[in-house]
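1. Sequence unavailable; structure follows:
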């Protein structure tokens, strides 16, 4: 019986080798990346045809700027999803760390000091959440739900509910509105971070361990992977991403407010899932998230260009998350059925 | 000999360990008593009828949402739309009712912000819409196998935004309608009607959970879903039912709240889903599902409301409450600190 299946398998492999070309196309059709490319082209094409201002250079810059910000949160969400957990506290951590770091603007020497501090706060906050999950054995959902409330409350506490305008922070302003060769800085940083993350995930032992932990935490632990460390590290990374994205957002709006990051956990998860990251963990790629961010923001921009208000955007973000998650759940079910 | 035994018995009955165990088992009751004592100490007017009425009304609102959330947690689901639904359901209901009446030439919303009629239809629609929100989440959850947390998270943003869009960010005033504040302010003795309704619903649900097949099915759905499926329980249906009931609770809470405020604010109820969640956790509902009892939730809602009241007396602003809610969810759901009680 086992021999037969083995034979079948080997003949399958043979067939695959002979029909290499058609199989590559089939594989491409099945992979999320190609679906995303098609989707992205469709969105851009549709946008370009229906709305002349969509493909104007200024609008493309706008898309890239916003894409950089939500893309960075998407990278954080991707890593956490890869280890089989979920971070719902990203928005709150974003507000909290940006505000906490922003408190040091003008109070310490060096323009970059508050920015570095914010990143450190992001790392620490993320590690705190990760440690709570792994040491106190709270499910990630509950821990991040709690952290979401905790840190959004603390964010209000820091500002006493007031808006703080950024007067003396040219570096923040540059982060929010600056360009490098016509490309918004947030997008450049997003691409750079994505590249680094891609290399870490695909070519290092750490990356392999991360995928392993997400695919089967118990098996990973039994084979000597320090799953707690991996999980904590992924939450720390997610916290750092939130802090980074928060500073870009603060620079763009030129103010520090407690509601800065509200809803960004939503886009982060939506992008990661759109990019093919499985919610159960163990599957997903940075390339997917990159394409997901581009597609998501283009779609949002296209809809926003139709003259809809902020609340419509909020509705769209909520609806998109549901649609994306449901669509991928159905897609994955079909793929499993095919296998 | 005998006296020795009785002495030992006596000693063991009153041993510190035993007392500790007794307190641990009834921690909600003891913390409630402690909090009431603390409340009377920090505030002379704590036990006055006016303050009690206010407290009990808040208990009714938070408690209703918490009972709904507890049912969700018992079937190992979560519903984060409870807060958003409190604004969305009445706002959409009024919009629908307005269009229905407008078709027959009757204007029930004067100058865009003042409701003047059509209350029975609106009340019916509020409950219907809020149940439908829960059922929708449940249906998506079981049909596509995606977590209710994500669906309801997305849905809560969707509903919140929709509330602002439909209402044009305006409040809708109900003050022109006679006796509109009955549900929110009427009281029998020191007990507000809203609190009595909450208590009634709570007790009915406790009895249902304890003595009927309804409860058994819910517990088995959340406890060990696979086993429940194999023994013929339609777990999908029970999950949808639980989410639907939680929606109903949110709708009822919306009616009570709007009735008391005599207005409908698109921001009302915001964040209350987390209050409900923390009450359910304090009340001993297991985060993993299938364990815990609603009587704990009822007591925990009083505990949380008194804590919040004391915080208010000390002048701690609402963000301190948010911080505390976060801390409660973090600490109380830790499996390392506390074992879930059956």
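-> Done, it's in. Only a predicted model underlies this, so the values are computations on that prediction, with no experimental measurement involved.

2. And for the nearest residue to residue B:40 once chain neighbours are set aside, the neighbour number?
-> What sits nearest to residue B:40 in space, not counting adjacent residues and going by CB to CB, 6 or more residues apart in numbering or on different chains, is residue B:46, at 4.8 Å. For glycine as for every other residue, the C-beta is placed from the backbone atoms N, C-alpha and C. Residue B:46 is flanked by 19 other residues according to other CB atoms under 10 Å in any protein chain shown.

3. Give me the phi and psi for residue B:46.
-> Main-chain torsions, residue B:46, degrees, to the nearest 10: phi -60, psi -40.

4. Can you read off the pLDDT for it?
-> pLDDT for residue B:46: 81.

5. I figured it hits residue B:35, correct?
-> No. Checked against CB atoms under 8 Å, the pair residue B:46 and residue B:35 is beyond contact range at 10.1 Å.

6. so where does residue B:54 fall, helix or strand?
-> Counting by DSSP states H and E, the element that carries residue B:54 is helix B:49-74.

7. For that helix, which residues meet the burial criterion?
-> The neighbour-count check on helix B:49-74 (16 or more other CB atoms under 10 Å in any protein chain shown) flags B:51-53, B:55-74 as buried.

8. next SSE after it?
-> Scanning onward from helix B:49-74 (DSSP H and E), the first element met is helix B:82-103.

9. Off-centre distance for that following helix?
-> Relative to its chain's centre, helix B:82-103 lies at 21 Å (CA atoms, centre = their mean, to the nearest Å).

10. right, quick check: that helix against chain A, any contact?
-> No. Judged by CB under 8 Å from any CB of the partner chain, helix B:82-103 stays clear of chain A, getting no closer than 9.4 Å.

11. And the contacts of the helix or strand just after that helix?
-> Following helix B:82-103 in sequence order, the next helix or strand is strand B:109-110 (DSSP H and E). Here strand B:109-110 makes contact (CB atoms under 8 Å, 6 or more residues apart in numbering or on different chains) with B:94, B:98, B:115, B:116, B:172, B:176.

12. what does stretch A:324-338 give?
-> Under the contact criterion CB under 8 Å, 6+ apart, stretch A:324-338 has outside partners A:30, A:270, A:273-274, A:276, A:278-279, B:140, B:144-146, B:150-151, B:154.

13. So which of these sit within helices?
-> Counting by DSSP state H, the part of these found in helices is A:30, A:270, A:273, A:274, B:140, B:144, B:150, B:151, B:154.

14. right, and the fifth one touches residue B:149 too?
-> No. Counting by CB under 8 Å, residue B:140 sits too far from residue B:149 to count as a contact (12.0 Å).

15. quick one, which of the two is more surrounded?
-> residue B:140 (23 against 19).

16. Skip the chain neighbours and tell me the closest residue to the more buried one.
-> Counting by CB to CB, 6+ apart, the residue nearest residue B:140 is residue B:151, at 5.2 Å.

17. measure the nearest residue to residue B:188 once chain neighbours are set aside to chain A for me?
-> Nearest residue to residue B:188 in three dimensions, chain neighbours excluded: residue B:196, at 6.8 Å (CB to CB, 6+ apart). Per CB to the nearest CB, to the nearest Å, residue B:196 is found 30 Å from chain A.

18. sorry, back to before: tell me which other helices or strands the helix holding residue B:54 touches.
-> In terms of contacts (3 or more CB pairs under 8 Å, 6 or more residues apart in numbering or on different chains; DSSP states H and E), helix B:49-74 is packed against helix B:82-103, strand B:191-192, helix B:193-211, helix B:213-223, helix B:235-261, helix B:272-282, helix B:294-313.

19. does any bit of the fourth one sit next to chain A?
-> No. Counting by CB under 8 Å from any CB, chain A has no neighbours in helix B:213-223; the shortest distance is 14.2 Å.

20. What are the contacting residues of that helix?
-> For helix B:213-223, the external contacting residues (CB under 8 Å, 6+ apart) are B:71, B:73-76, B:208-209, B:227-228, B:231, B:233-235, B:238-239, B:242, B:289-291.

21. Nearest spatial neighbour of the residue most central in space within chain B, chain-adjacent residues omitted?
-> Centroid-nearest residue in chain B: residue B:65, 1.6 Å away (criterion: CA atoms, centre = their mean). With CB to CB, 6+ apart as the criterion, residue B:65 has its nearest non-adjacent residue at 3.7 Å, and that residue is residue B:276.
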